[in-house]
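**Student:** what shape does this take:
(chains A, B, C and D)
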There are 4 protein chains.
Amino acid sequence: MGKGRLEAFSDGVIAIIITIMVLELKVPHGADLAALLPLTPVLLSYVLSFIYVGIYWNNHHHLLHTVKQVSGATLWANLHLLFWLSLIPFVTGWMGENHWQPLPVALYGGVLLMCAIAYTLLTLSLLKTHGRDSLLAQALGRDRKGKASLAIYVCALPLAFVHVWLAIALYMVVALIWLVPDRRIESRLQDESH
Amino acid sequence: MGKGRLEAFSDGVIAIIITIMVLELKVPHGADLAALLPLTPVLLSYVLSFIYVGIYWNNHHHLLHTVKQVSGATLWANLHLLFWLSLIPFVTGWMGENHWQPLPVALYGGVLLMCAIAYTLLTLSLLKTHGRDSLLAQALGRDRKGKASLAIYVCALPLAFVHVWLAIALYMVVALIWLVPDRRIESRLQDESH
Amino acid sequence: MGKGRLEAFSDGVIAIIITIMVLELKVPHGADLAALLPLTPVLLSYVLSFIYVGIYWNNHHHLLHTVKQVSGATLWANLHLLFWLSLIPFVTGWMGENHWQPLPVALYGGVLLMCAIAYTLLTLSLLKTHGRDSLLAQALGRDRKGKASLAIYVCALPLAFVHVWLAIALYMVVALIWLVPDRRIESRLQDESH
Amino acid sequence: MGKGRLEAFSDGVIAIIITIMVLELKVPHGADLAALLPLTPVLLSYVLSFIYVGIYWNNHHHLLHTVKQVSGATLWANLHLLFWLSLIPFVTGWMGENHWQPLPVALYGGVLLMCAIAYTLLTLSLLKTHGRDSLLAQALGRDRKGKASLAIYVCALPLAFVHVWLAIALYMVVALIWLVPDRRIESRLQDESH
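**Tutor:** Model (predicted):
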């Protein structure tokens, strides 16, 4: 099975997810600053989610770059990831419209946690097809970033009920960890081409 | 006629269908569990439809993988399938918002039945171009899964008015039948490459 | 300039246009037939527009198949076509929700007319790059279908104010003319490959 | 890193942006001209933004045509551009629904300014990977169009509060500057192929 259509379909779904989030920015009726300001938390939530979905697209791009075959299990692991990503617009909207109250912030983190778990499952499904000695396996190494993200999300969820900003700060930490594209894969590829 | 644009266009439409369903999950006004819980049937309907559309994308992917030429009739058979798939978000929303009442559940099954018929017509249109001895024809074999699905849908429709859960259970049975990607085609391809 | 991205972008826009039309089918609040029936005109309008947009995608597919280079003017002629196509969901919704009253039906035809003009301009822009002796020019021939469509639309617009069904019948005639994909191009290609 | 998925993802996002703007054209309830006319400013804003997004797609197309490698920084510069482009539907809707009042018109220009800055950053990021002697660098030359656009936007923003039509006229001037696709790159490519 070729990976072309898997990439194309994922690109399509992720492009729609990243764009429909902006539909939560409802056009206000007034034409002055007073009408615009209440949108600030919705806009900030949008920025955070845009970065998150952008990170997933970037990592997905890097991950599949090293991949040669795609099994039936991988197709479903990929759809499972897309499912959780598709819930991001909903939790982003809920968190933004309620000005970061505890439950929406925790649910936002819960969906991010499920996305991270789904991404890990996708990685494992690819490793199963490609073997421990593959370029992919070497590039991923011990996947410290992935494990750290999962741990941080698990900590952030209960902290949302202590103080929402603790949770949001931790979400931002995870974003920062990943903002740099996966240099492990990039450098491996560089080595390969020399 | 190449199949590249047919695949790209279908991927685009299916990606949009699978993603706009999530727009039915309207952001609630409250920020507590009481505001979130009424969304449960909408969410569950979304999960079921996401799996269904995912199955169609997977099978479409496998089906076209073996295909070489695309005739004008195939282009329209494909658009016909996309038409019925495009109604899934509507019936999903109707079923979810009405907490699985008989008529919405039956209509949901009716649209699934039409999707299955449209998929069968697409298969037949491809078989016509490729002939009985083609890789495609061998891979599809007697298409027992397809025939079973049609039969189950026809049974499920009236059962929705007896008890909705009978119908929904049958819809899930069809999903389970297809959840495994079409091993017939996959194994044929494997044989081919040896 | 390659035509790959032009096709990909057009596929994306047309896929979105054909799919967002279904968002006009608003999920009704009741769960019985009485709640569903008022949607019939919206659904029928959707079917007609789905066929129309499908025809444009099919013809666009065939048209670009024979094309080798894409000039800057062609990029804009293509965007111009996409602009008018993007208004189809709006006029479809207006026509459907008002149960085919004269002005919405005439405006629907007006947008279809502009789409047909834009498609003709795209064809002319491609002919300019490819020359009178090109495969494209031979395949298009005298473009009788295109000219007939323009003439029928011009007749249908005023007829919408005499009786809406006269206009709608003429729209269906145009759809039927085009429903068969452009055999001129298909047969030329066949000849070519022999 | 290949540029294929970057192009595909950008095409997807830009296709969605250019199409969801039309959703702001809400179907009116009446079926006469009186119901349609209030939509005129929304439609005109849509036309202007359609042209703008079309220009960005065209230039993006031309820009990446000359590109060979895509670095991690370029992926993020591209996402940054897509972020600002994704705000165009919102500011278009706000400007249109408020019939071009000063603040919405200024904010519209502000988002256009950020898009222009993001496009410049994307260009710089590509130049960094490709070097001063590359085809890309030669094709861009001194980027007078880009610099002029930035200067015009900076002038237009305060002028929106003096008289909105001054600002809108300047926005149109920028559109006209770019409406012609980047002949610098096109002619360089032509030279190259000779």
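**Student:** from here on, contacts and neighbour counts on C-alpha atoms
**Tutor:** Fine.
**Student:** helices or strands up against the one helix or strand residue A:8 maps to?
**Tutor:** Element membership for residue A:8 (DSSP states H and E) is helix A:4-20. Counting contacts by 3 or more CA pairs under 8 Å, 6 or more residues apart in numbering or on different chains; DSSP states H and E, helix A:4-20 is packed against helix A:40-65, helix A:72-86, helix A:88-97, helix B:4-20, helix D:4-20.
**Student:** what is the third one packed up against?
**Tutor:** It stands for helix A:88-97. helix A:4-20, helix A:40-65, helix A:102-130.
**Student:** put the alpha carbons of that helix into CSV.
**Tutor:** Output in CSV follows, covering the C-alpha atoms of helix A:88-97 (Å, rounded to 0.1, in the frame of the first residue of the first chain):
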residue,chain,number,x,y,z
ILE,A,88,-9.7,20.2,19.0
PRO,A,89,-12.0,22.8,17.4
PHE,A,90,-14.8,21.9,19.8
VAL,A,91,-12.7,22.0,23.0
THR,A,92,-11.0,25.2,21.8
GLY,A,93,-14.3,26.9,21.3
TRP,A,94,-15.6,25.7,24.7
MET,A,95,-12.5,26.8,26.5
GLY,A,96,-12.4,30.2,24.7
GLU,A,97,-16.0,31.1,25.1
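**Student:** in stretch A:157-174, what's buried?
**Tutor:** A:157-161, A:164-168, A:170-171, A:174 (16 or more other CA atoms under 10 Å in any protein chain shown).
**Student:** which residue does chain A have closest to chain D?
**Tutor:** Among the residues of chain A, residue A:15 lies closest to chain D, at 5.0 Å counting by CA to the nearest CA.
**Student:** nearest residue to that residue in space, please, no chain neighbours.
**Tutor:** residue D:13 (5.0 Å; CA to CA, 6 or more residues apart in numbering or on different chains).
**Student:** tally of neighbours for that neighbour?
**Tutor:** 30 (other CA atoms under 10 Å in any protein chain shown).
**Student:** pretty sure it contacts residue D:81?
**Tutor:** No. Between residue D:13 and residue D:81 there is no contact under CA atoms under 8 Å: 10.8 Å.
**Student:** what's the most buried one of the helices and strands packed on helix A:88-97?
**Tutor:** Among those, the stretch with the highest mean neighbour count (mean count of other CA atoms under 10 Å in any protein chain shown) is helix A:4-20, at a mean of 23.
**Student:** can you tell me what sits against that one?
**Tutor:** Here helix A:4-20 makes contact (CA atoms under 8 Å, 6 or more residues apart in numbering or on different chains) with A:49-50, A:53-54, A:57, A:64, A:75, A:78, A:82, A:85-86, A:88-89, B:7-8, B:11-12, B:15-16, B:18-19, B:61, D:5, D:8-10, D:12-13, D:16-17, D:86.
**Student:** that one vs helix A:40-65, what angle?
**Tutor:** 170 degrees (axes from the mean of the first three to the mean of the last three CA atoms, to 10 degrees).
**Student:** ok, then the element right after helix A:4-20?
**Tutor:** Counting by DSSP H and E, what follows helix A:4-20 is helix A:33-36.
**Student:** point out where chain A drops to low pLDDT.
**Tutor:** For chain A, the stretches flagged by pLDDT under 70 are A:1, A:180-194.
**Student:** center of it - which residue?
**Tutor:** Chain A has residue A:56 as the residue nearest its centroid, 4.0 Å off, counting by CA atoms, centre = their mean.
**Student:** pull out the CA atoms of the helix or strand containing residue A:171 and give them to me as PDB.
**Tutor:** Following DSSP H and E, one finds residue A:171 within helix A:164-179. In PDB, the C-alpha atoms belonging to helix A:164-179 read as follows (Å, rounded to 0.1, in the frame of the first residue of the first chain):
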ATOM      1  CA  VAL A 164      -6.300  26.900  35.300                       C
ATOM      2  CA  TRP A 165      -3.200  28.800  34.500                       C
ATOM      3  CA  LEU A 166      -1.000  26.000  35.900                       C
ATOM      4  CA  ALA A 167      -2.600  23.700  33.300                       C
ATOM      5  CA  ILE A 168      -2.400  26.200  30.500                       C
ATOM      6  CA  ALA A 169       1.300  26.900  31.300                       C
ATOM      7  CA  LEU A 170       2.000  23.200  31.100                       C
ATOM      8  CA  TYR A 171       0.200  23.000  27.700                       C
ATOM      9  CA  MET A 172       2.500  25.700  26.500                       C
ATOM     10  CA  VAL A 173       5.500  23.900  27.800                       C
ATOM     11  CA  VAL A 174       4.500  20.900  25.600                       C
ATOM     12  CA  ALA A 175       4.000  23.100  22.600                       C
ATOM     13  CA  LEU A 176       7.500  24.600  23.100                       C
ATOM     14  CA  ILE A 177       9.100  21.100  23.400                       C
ATOM     15  CA  TRP A 178       7.600  20.300  20.000                       C
ATOM     16  CA  LEU A 179       7.800  23.600  18.300                       C
END
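**Student:** show residues contacting it.
**Tutor:** A:48, A:51-52, A:55, A:100-102, A:105-106, A:109, A:145, A:149, A:152-153, A:156-157, A:159-160.
**Student:** kindly recompute the last result at 6 Å.
**Tutor:** Outside helix A:164-179, the residues that touch it by CA atoms under 6 Å, 6 or more residues apart in numbering or on different chains are A:102, A:149, A:156, A:159, A:160.
**Student:** nearest residue to the last one other than its sequence neighbours?
**Tutor:** Think residue A:160. residue A:167 (4.9 Å).
**Student:** what do you get for the second one?
**Tutor:** Nearest in space to residue A:149, with sequence neighbours left out and distances taken as CA to CA, 6+ apart, is residue A:174 at 5.8 Å.
**Student:** cool, the third one as well?
**Tutor:** Nearest-residue entry for residue A:156: residue A:167, 4.6 Å, with adjacent residues in sequence omitted and distances by CA to CA, 6+ apart.
**Student:** returning to that earlier point: which two in the buried residues of stretch A:157-174 are spaced the farthest apart?
**Tutor:** Largest separation among the buried residues of stretch A:157-174 by CA to CA: A:161 and A:174, giving 19.0 Å.
**Student:** residues from chain A in reach of chain B?
**Tutor:** Applying CA under 6 Å from any CA of the partner chain, we find that chain A lies next to chain B at A:9, A:12, A:13, A:72, A:94.
**Student:** and if we set it to 8 Å?
**Tutor:** By the rule CA under 8 Å from any CA of the partner chain, the part of chain A lying against chain B is A:1, A:5, A:8-10, A:12-13, A:16-17, A:72, A:75, A:79, A:83, A:86-87, A:90-91, A:93-94, A:97-98, A:101, A:103-104.
**Student:** any idea how far apart the tips of stretch A:21-29 sit?
**Tutor:** Using CA to CA, to the nearest Å, one end of stretch A:21-29 lies 20 Å from the other.
**Student:** near chain C, anything from it?
**Tutor:** No. Counting by CA under 8 Å from any CA, chain C is not contacted by stretch A:21-29; separation bottoms out at 13.5 Å.
**Student:** tell me the residue of chain A that sits nearest chain C?
**Tutor:** Closest point on chain A to chain C, by CA to the nearest CA, is residue A:12, at 8.6 Å.
**Student:** ok, that residue to residue C:78 distance?
**Tutor:** Counting by CA to CA - residue A:12 and residue C:78 are separated by 21 Å.
**Student:** would you list the contacts of helix A:164-179 in TSV and tack on secondary structure?
**Tutor:** Converted to TSV, those look like this (DSSP: H, G, I helix; E, B strand; the rest coil):
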residue	secondary structure
A:102	helix
A:149	helix
A:156	helix
A:159	helix
A:160	helix
